[in-house]
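Q: Have a look; sequence and predicted model below, questions after that.
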Amino acid sequence: MRDADLTQAAVNDKFQAEGVLYICGTPIGNLDDVSFRLIQVLKQVDLIVCEDTRRTRKLLARYDISKPLLAFHEHVERQRTGTVLERLSQGKSVALVSDAGMPLISDPGAYLVTQARESGFKVVVVPGPSAVTAALALVGFPSSRFIFAGFPPRKSKKRQEFFIRWIKPQVPAVFFESPHRLVKALHDLMAAFPSVQVGLCHEMTKAYESAIVGPIKDVYENLKDSDVKGEWVVVAYLESPEDPEEAG
C-alpha cells in the first residue's frame, strides 16, 4: 500500500473510532471558497447537522458528497441536541455547518457545542470564511481591534441605543442588517454619530460583490431612495470621540 493510501486509511480509522463534533466553516457565497480539510471532513463524517438542508445540499453536490443531513435551525436546536449527542455516544462523527460562514456566529450551535463538551466529547473546529473579517478587509478601516455586534434591534430608539453602546473611537464595529431595514439603520446611525465613516459590503464573494465606503451622510444619501436587496455587512468607524447626545 502506498504512503498516501496508508495516510487515508489512518484518517478513516480515526473517524470510525471516535465520536467527534466538527464545527465547520462554509463559504459565505462563492462555493469555491472551501478548504481541502473541509471537503475531507464532510466526506468522512457520519452526519451533517445544518441550518437549511437545501443550502447544504448545494454545497455537498458541488463536491460530489452524499451524507445524511439533520436540520438544526434555532427553533429546534435544543430538542435535537439530544439526537446529536446520542450519535456521538455511538462513536459517530458529526459535522456542524451553518448556511454561510462559521457556525455560532449569529447562527445556531452554541448550546450543542456546550453540551457536547460537557458530555466529554471531542470538539474540533475546521476554520472557514467569515463575513465579519472579510468585510473588515474589504472596507480598509484600521482593524487591529474590532467589535462584532451582530444584528441591531428592529425599533429606531433601541437601534440608536445599540449604536451608542457598541461604536467606540478608532475601533471598527461590524454588524449585520437585512435589506429592508438597512436604510433605516443608516438613518439611526447618522442620528447617533453624524461624522462616522461606514463601509457597506454587499453580496460578498458573489458575482455582484460591491462595497460602498465613505462618510455616513454620503452613503445614506446614495442609498436612501434605492431598492435595496441582497445581503449586507456594515462596518462603522469613528475616527475621534463624538458625543452622541449632542449629535441628536
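A: Received the coordinates, thanks. Numbers count the residues shown, from 1 in each chain.
Q: Would you list the phi and psi of the most centrally placed residue in the chain?
A: Residue closest to the average C-alpha location in the chain (C-alpha atoms, centre = their mean): residue 101, at 4.0 Å. Torsion angles at residue 101 (phi, psi; degrees, to the nearest 10) stand at phi 80, psi -160.
Q: any idea of the mean pLDDT in the helix or strand residue 37 falls within?
A: In the assignment (DSSP states H and E), residue 37 maps to helix 36-44. Helix 36-44 shows a mean pLDDT of 97.
Q: next helix or strand past it?
A: Counting by DSSP H and E, the next helix or strand C-terminal to helix 36-44 is strand 47-50.
Q: on that earlier part again, need the contact partners of the helix holding residue 37.
A: 11-12, 15, 22, 24-26, 48, 60, 63, 65, 67, 93, 95, 126, 128 (C-beta atoms under 8 Å, 6 or more residues apart in numbering). Quick note: C-beta positions are derived from backbone N, CA and C, even for glycine.
Q: quick one, domains of the chain?
A: What automatic domain parsing lists as the domains of the chain is 3-126, 131-247.
Q: looking at those domains, which has the lowest confidence?
A: Mean pLDDT is lowest for domain 3-126 out of those, coming in at a mean of 89.
Q: just to revisit the earlier point, is the residue nearest to the centre of the chain in a bridge, and if so with what?
A: Beta-bridge partners recorded for residue 101 (DSSP bridges): residue 26.
Q: That one is in contact with residue 127, isn't it?
A: No. The criterion here is C-beta atoms under 8 Å, and residue 101 misses it with residue 127 at 10.7 Å.
Q: Determine the residues that are contacts of both of the two.
A: Shared contacts of residue 101 and residue 127 (C-beta under 8 Å, 6+ apart): residue 25.
Q: Which positions in stretch 146-162 come out as buried?
A: 146, 148-149, 152, 159-162 (16 or more other C-beta atoms under 10 Å).
Q: Would you list the buried entries among the contacts of helix 36-44?
A: Buried, going by 16+ other C-beta under 10 Å: 15, 22, 24-26, 48, 60, 65, 93, 95, 126, 128, out of the contacts of helix 36-44.
Q: Where strands are concerned, which of the residues you listed count?
A: Using DSSP state E, the subset of the buried ones among the contacts of helix 36-44 located in strands is 22, 24, 48, 95, 126.
Q: what about the strands in the protein?
A: For the chain, the strands defined by DSSP E occupy 20-24, 47-50, 69-71, 94-97, 122-126, 147-150, 173-177, 197-202, 210-215, 232-237.
Q: so what does the shortest one touch, helix or strand wise?
A: Okay, so that is strand 69-71. Identification of packing neighbours for strand 69-71 by 3 or more C-beta pairs under 8 Å, 6 or more residues apart in numbering; DSSP states H and E yields strand 47-50, helix 53-62, helix 77-89.
Q: again, 6 Å this time
A: Applying 3 or more C-beta pairs under 6 Å, 6 or more residues apart in numbering; DSSP states H and E, one finds that strand 69-71 contacts strand 47-50.
Q: With only the CA atoms kept, save the strand it packs on in PDB.
A: C-alpha atoms of strand 47-50 as PDB (Å, rounded to 0.1, in the frame of the first residue of the first chain):
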ATOM      1  CA  LEU A  47     -23.900  13.000   9.900                       C
ATOM      2  CA  ILE A  48     -24.000  16.700   8.900                       C
ATOM      3  CA  VAL A  49     -26.100  19.000  11.100                       C
ATOM      4  CA  CYS A  50     -27.100  22.100   9.200                       C
END
